[in-house]
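Peer 1: Generate coordinates for the sequence data below:
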Amino acid sequence: WLCLAAVSAAAADVSTLLPGDAPVGKVARDAEGNLYVAVALMEQRGDITVHRRLVVFKMDKTGTRSRYRREIGGSGYEYPAGLAVTPDGRAFVIGSTTDRNFPTTPGAFQPQAGPGENNGFLVALNAEGSVQYSTFLSTAAEAIAVNAAGEAYVANRGLVMKLEASGSRQVFAFEGVGGSHIALDREGNVFLAGTAQDPSYPTTPGAYQRDFQPAVCGGGTIGIPCLHVTVTKLNAAGTALVYSTFIAASRNEAAGALAVDDNGYAYVGVNTSAADRRGMRRIIAQSSDTHGAGLAEGCRGELASTRV
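Peer 2: Model prediction:
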């Protein structure tokens with residue numbers, strides 16, 4: 001079972017149990033406060049897991065009344081990787097599936113599965129839970145954002161793409177950058193936060209940190225490079241980078257969260273090891289004293305962070 005709780009400063013406002021055993025449940029909320037949860041439900045025969053099906057729940061803001069329960073998928077294994085909701089209650093779910101017959105809709109961007117064993121998918125549900133469109137994706141999907149018009153932005157570690165609201169046409173695809181977290185600003189610029197192990201990840205002139213820190217974090221005599229956080233901003237047309245930077249101390253770091261405010265500041269949560277805390281504190285000490293972990297417009301100057 002999956003426990004869903006909405007916690008205020010004083011106490012839990014919503015607490016409910018949903019069926020689901022996978023640690024990949026995704027949660028979102030619309031403008032009216034309705035709750036959306038995507039989970040993978042397991043079916044077993046004896047001790048063998050034979051199927052994981054994706055289910056999307058919509059509940060009212062109290063978490064006590066179900067709006068809909070929508071099963072998505074076919075006979076394979078489906079896992080949710082991301083969930084985004086428009087203000088008017090349309091839900092967009094990305095994930096991966098082993099089912100080559102995963103149901104898609106007429107006119108979908110990619111109606112057939114790709115050559116691999118696992119394929120990405122994107123399913124859009126209207127406010128009542130009916131399928132608006134369903135499509136395979138040409139690549140694995142790790143993060144999703146949607147704008148008010150229902151246009152979906154999907155990213156992984158090496159690609160960001162935008163689909164039109166009908167789900168039938170790709171508006172743009174920008175390769176070479178990506179992330180496990182994605183956000184949009186009011187102008188439609190795309191922000192990405194991710195983790196890179198490749199020194200060739202593109203950075204831009206004047207960025208906060210252009211050079212990849214060449215530390216080794218394992219692998220014995222082979223030497224495995226450390227993981228470092230990347231933060232990238234792509235223009236609204238999907239044609240050029242506005243900025244791209246590393247955020248690295250000396251050891252492993254990973255992007256844990258991303259948000260963008262109305263002024264165009266990106267706020268990035270960074271997971272780091274105990275051995276790297278001193279390096280992260282040094283980055284913080286060299287930055288301005290603002291709240292959160294913000295990258296200024298243009299990513300030229302100040303990185304700041306406070307403890308949470």
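
Peer 1: Could you list the residues in contact with the helix or strand containing residue 232?
Peer 2: Here residue 232 sits within strand 228-234, counting by DSSP states H and E. With CB atoms under 8 Å, 6 or more residues apart in numbering as the test, strand 228-234 has contacts from 160, 174, 177-179, 189-197, 201, 212-213, 240-248, 252-255, 266, 268, 270, 295, 299. All C-beta spots, glycine's among them, are computed from the backbone N, C-alpha and C.

Peer 1: quick one: which of those sit in strands?
Peer 2: 160, 174, 190-196, 241-247, 253-255, 266, 268, 270, 295 (DSSP state E).

Peer 1: And for residue 110, the neighbour number?
Peer 2: For residue 110, the count of nearby residues is 19 (other CB atoms under 10 Å).

Peer 1: related to what we said a few turns ago, and the contacts of strand 228-234, which of them are buried?
Peer 2: 160, 174, 177-179, 189-196, 201, 212-213, 241-248, 252-255, 266, 268, 270, 295, 299 (16 or more other CB atoms under 10 Å).

Peer 1: Which residue ranges of this protein form helices?
Peer 2: Counting by DSSP state H, the chain has helices at residues 277-285.

Peer 1: contacting residues for the most centrally placed residue in it?
Peer 2: Nearest to the mean C-alpha position of the chain, by CA atoms, centre = their mean, lies residue 143 at 2.6 Å. By CB under 8 Å, 6+ apart, the residues touching residue 143 are 81, 82, 94, 154, 155, 156, 179, 180, 181, 182, 192.

Peer 1: Measure how buried the fourth one is and give me the count.
Peer 2: Around residue 154 there are 29 other residues, counting by other CB under 10 Å.

Peer 1: What of residue 169?
Peer 2: Using other CB under 10 Å, residue 169 has 11 neighbouring residues.

Peer 1: show me what contacts it?
Peer 2: Neighbouring residues of residue 169 by CB under 8 Å, 6+ apart: 109, 163.

Peer 1: same question, residue 201
Peer 2: Applying CB under 8 Å, 6+ apart, we find residue 201 in contact with 177, 212, 230, 244, 246.

Peer 1: For those residues, give me a markdown table that also has pLDDT.
Peer 2: Output for the contacts of residue 201, formatted as a markdown table (pLDDT from 0 to 100):
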| residue | pLDDT |
| --- | --- |
| 177 | 96 |
| 212 | 77 |
| 230 | 92 |
| 244 | 94 |
| 246 | 88 |
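
Peer 1: and the nearest residue to the residue nearest to the centre of the chain once chain neighbours are set aside, how many neighbours?
Peer 2: Leaving aside its sequence neighbours, residue 143 sits nearest to residue 182 (CB to CB, 6 or more residues apart in numbering; 4.1 Å). For residue 182, the number of neighbouring residues by other CB under 10 Å comes to 26.

Peer 1: Report the beta-bridge partner residues of residue 182.
Peer 2: Beta-bridge partners for residue 182, by DSSP bridges, are residue 192.

Peer 1: could you measure residue 56 against residue 256, distance?
Peer 2: Per CB to CB, to the nearest Å, residue 56 is found 24 Å from residue 256.

Peer 1: tell me the average confidence for stretch 97-113?
Peer 2: Averaged across stretch 97-113, pLDDT comes to 94.

Peer 1: Only C-alpha atoms, please: export it in PDB.
Peer 2: Extracted in PDB, the C-alpha atoms of stretch 97-113 (Å, rounded to 0.1, in the frame of the first residue of the first chain):
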ATOM      1  CA  THR A  97       6.700  -0.200 -20.500                       C
ATOM      2  CA  THR A  98       7.800  -3.700 -21.600                       C
ATOM      3  CA  ASP A  99       4.500  -4.100 -23.500                       C
ATOM      4  CA  ARG A 100       4.900  -3.700 -27.200                       C
ATOM      5  CA  ASN A 101       1.200  -3.600 -27.500                       C
ATOM      6  CA  PHE A 102       0.800  -0.700 -25.100                       C
ATOM      7  CA  PRO A 103      -2.400   1.000 -26.200                       C
ATOM      8  CA  THR A 104      -2.000   4.200 -28.200                       C
ATOM      9  CA  THR A 105      -4.500   6.500 -29.800                       C
ATOM     10  CA  PRO A 106      -5.200   7.300 -33.500                       C
ATOM     11  CA  GLY A 107      -2.900  10.000 -34.800                       C
ATOM     12  CA  ALA A 108      -0.400   9.600 -31.900                       C
ATOM     13  CA  PHE A 109       3.100  11.000 -32.300                       C
ATOM     14  CA  GLN A 110       4.600   7.500 -32.100                       C
ATOM     15  CA  PRO A 111       1.900   4.800 -32.400                       C
ATOM     16  CA  GLN A 112       4.300   1.800 -32.500                       C
ATOM     17  CA  ALA A 113       7.000   0.600 -30.000                       C
END
